[in-house]
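Colleague: The sequence and its predicted three-dimensional model are supplied below.
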Amino acid sequence: MTVLEFNYQVSTFQEKLTNFALSLTNDREDAKDLFQETVLKALKYRDKFVSQTNLKAWLYTIMRNTFINDYRRKKMAQTILDHSPNEYVMNSIPALSESPSSELATKEIQNVISDLEDEYRIPFMKYVEGFKYKEISDELNLPIGTVKSRIFIARKKLMSQLEDYR
């Protein structure tokens, strides 16, 4: 399938994809963004599409996976918008609970994480924030295997230092 044929085929699913995006997001603007991101990914990775297969299903899968990944990333970030004139964006870590013992536990866990060497702490924190291995790999300019290994090692170190919280 040529590039023009592929682009035309993708454009024929615009209405159906937009409706599917709306059913996922329940917001017209978010649905538009999801649709645009889906089409962008489809065009970027069109070489991965196997001709003579179901293009509609392929596009729906891209959209669904994009929605899920975005949802996870947003959930992990817990971004708060300050409604001051400058509209600052702040990330917050949700508290485990209100009890003093849980505050101490949270501080202890954060201290142990901050004590990790940068080579382990940075990939681990990016993973916790919801980034995919590939995104971390690209951002830190490391092979994906190295990123996975460092996250695994960080987890092992944290588990050994925080045995009381298992």
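Modeller: It's in.
Colleague: where exactly do the strands run in the protein?
Modeller: For the chain, the strands defined by DSSP state E cover 79-81, 89-91.
Colleague: among the ones you listed, where is the model least confident on average?
Modeller: Looking at the strands of the chain, the lowest mean pLDDT belongs to strand 89-91 (a mean of 52).
Colleague: What distance do you get for Glu37 to Gln52?
Modeller: Plainly put, Glu37 is 26 Å away from Gln52 if you go by C-beta to C-beta, to the nearest Å. Backbone N, C-alpha and C define where each C-beta goes, glycine included.
Colleague: the more surrounded of these two?
Modeller: More neighbours surround Glu37 than the other of Glu37 and Gln52, with 16 against 6 (other C-beta atoms under 10 Å).
Colleague: quick one: that one and Asn65 touch, right?
Modeller: No: Glu37 is beyond contact range of Asn65, at 10.7 Å (criterion: C-beta atoms under 8 Å).
Colleague: give me the number of residues near Asp164?
Modeller: Neighbour tally, Asp164, other C-beta under 10 Å: 7.
Colleague: now Pro123
Modeller: 26.
Colleague: cool, and Asp27?
Modeller: That count, for Asp27 with other C-beta under 10 Å as the rule, works out to 12.
Colleague: For it, what are phi and psi?
Modeller: When read as degrees, to the nearest 10, the backbone of Asp27 gives phi -150, psi 130.
Colleague: Could you pull up the residues touching it?
Modeller: Shown in contact with Asp27 (C-beta atoms under 8 Å, 6 or more residues apart in numbering): no residues.
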